[in-house]
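S.K.: Turn this into a structure:
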Amino acid sequence: MSSAALHATPSGHDGAAATHEQRALGFWLYLMGDAVIFALLFATYVIMVNNTAGGPAGKDLFDLRNAALETVLLLVSSTTFGFASLSARTGNRGAVVFWLLVTFALGAGFVFLEIREFAGMIAAGAGPDRSGFLSAFFTLVGTHGVHVSMGLVWILIMCGQVMTKGLSVPVVSRLFRLGLFWHFLDIAWVGIFSIVYLPGLL
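M.R.: You can find the predicted model right below:
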């Protein structure tokens with residue numbers, strides 16, 4: 001093999017690092033696509049918010065205490081995920097799993113409150129088929145809820161990988177991408193709370 005060929009072939013370590021960098025870039029591109037989807041859903045909601053078709057409006061349906069509790073759960077879960085990331089940097093596998101499970105519990109509480117809110121609205125005759133406003137509301141908030149649910153499944157998978165494979169480079173790389181996803185959902189929810197719930201109560 002020529003000297004040029006040797007220099008052109010990356011070492012195993014460099015090749016692995018390049019692979020993880022490419023995956024991180026790909027995930028950033030995915031998040032950008034997801035951000036566009038949420039932007040379109042926000043725009044649709046803003047356009048449809050007054051199209052109640054004679055049905056209930058946000059002030060008749062929204063419970064600020066429930067929305068505030070959802071916000072607290074999700075924001076605290078972002079903090080606990082940060083603790084999991086810090087524990088991964090120090091190589092503390094047990095702490096990583098512990099903080100991931102705490103994050104899971106907080107996220108599951110958020111999903112429970114959201115499902116309860118949806119069920120109550122539907123039972124009161126305010127389902128997504130009632131008006132354009134409610135269609136836009138259920139689509140926007142429901143899409144976020146589905147993302148959180150997917151994140152919960154991912155957290156459990158990561159717990160299994162940390163326990164079985166340790167804090168290897170691939171596992172830590174996946175944990176980093178999960179962190180990006182989870183924090184993105186927090187940002188999206190702050191937008192929902194600020195654009196949907198607070199103005200809807202006025």
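S.K.: In this structure Gly127 contacts Ala119, no?
M.R.: No - look at Gly127 against Ala119 with C-beta atoms under 8 Å: they stay out of range, at 10.1 Å. From N, CA and C alone the C-beta is placed, and that goes for glycine too.
S.K.: Comparing the two, which shows the higher neighbour count?
M.R.: With neighbours defined as other C-beta atoms under 10 Å, Gly127 and Ala119 compare such that Gly127 has more, 15 against 10.
S.K.: any idea how far Phe184 is from the more buried one?
M.R.: Taking C-beta to C-beta, to the nearest Å as the measure, Gly127 falls 28 Å from Phe184.
S.K.: For this structure, just list every one of the helices.
M.R.: 3-8, 12-48, 58-61, 64-90, 93-123, 132-165, 169-192, 198-200 (DSSP state H).
S.K.: Would you single out the least confident of those?
M.R.: Mean pLDDT is lowest for helix 3-8 out of those, coming in at a mean of 40.
S.K.: For burial, what's the neighbour tally of Phe27?
M.R.: Phe27 has 17 nearby residues by other C-beta under 10 Å.
S.K.: got it, and Phe184?
M.R.: Neighbours around Phe184, by other C-beta under 10 Å: 17.
S.K.: same check, this time on Trp154
M.R.: 18.
S.K.: Can you tell me, leaving aside adjacent residues, what's nearest to it?
M.R.: Leu178 (5.4 Å; C-beta to C-beta, 6 or more residues apart in numbering).
S.K.: My guess is the one you found contacts Leu156. True?
M.R.: No - using C-beta under 8 Å, Leu178 is not in contact with Leu156; the gap is 11.0 Å.
S.K.: Between these two, point out the one with more neighbours.
M.R.: Leu178 (21 against 12).
S.K.: need the contact list for Gly127.
M.R.: Met121, Leu134, Phe138 (C-beta atoms under 8 Å, 6 or more residues apart in numbering).
S.K.: Kindly list the main-chain dihedrals of it?
M.R.: Here the main-chain torsion angles of Gly127 (degrees, to the nearest 10) amount to phi -80, psi 180.
S.K.: Could you measure from it over to Glu114?
M.R.: For Gly127, the distance to Glu114 - C-beta to C-beta - is 15 Å.
S.K.: what do you get for Thr90?
M.R.: Where Glu114 is concerned, Thr90 sits at a distance of 34 Å (C-beta to C-beta).
S.K.: Check Gln22 too.
M.R.: From Gln22 to Glu114 the distance is 35 Å (C-beta to C-beta).
S.K.: Compare those two and say which one has the larger neighbour count.
M.R.: Glu114 (19 against 10).
S.K.: Now do the contacts for the residue lying closest to Gly82 once chain neighbours are set aside.
M.R.: Nearest non-adjacent residue to Gly82, counting by C-beta to C-beta, 6+ apart: Gly179, 7.8 Å away. Going by C-beta under 8 Å, 6+ apart, Gly179 touches Phe81, Gly82, Ala84, Ser85.
S.K.: tell me, how many neighbours does Thr164 end up with?
M.R.: So Thr164, with other C-beta under 10 Å, has 8 neighbours.
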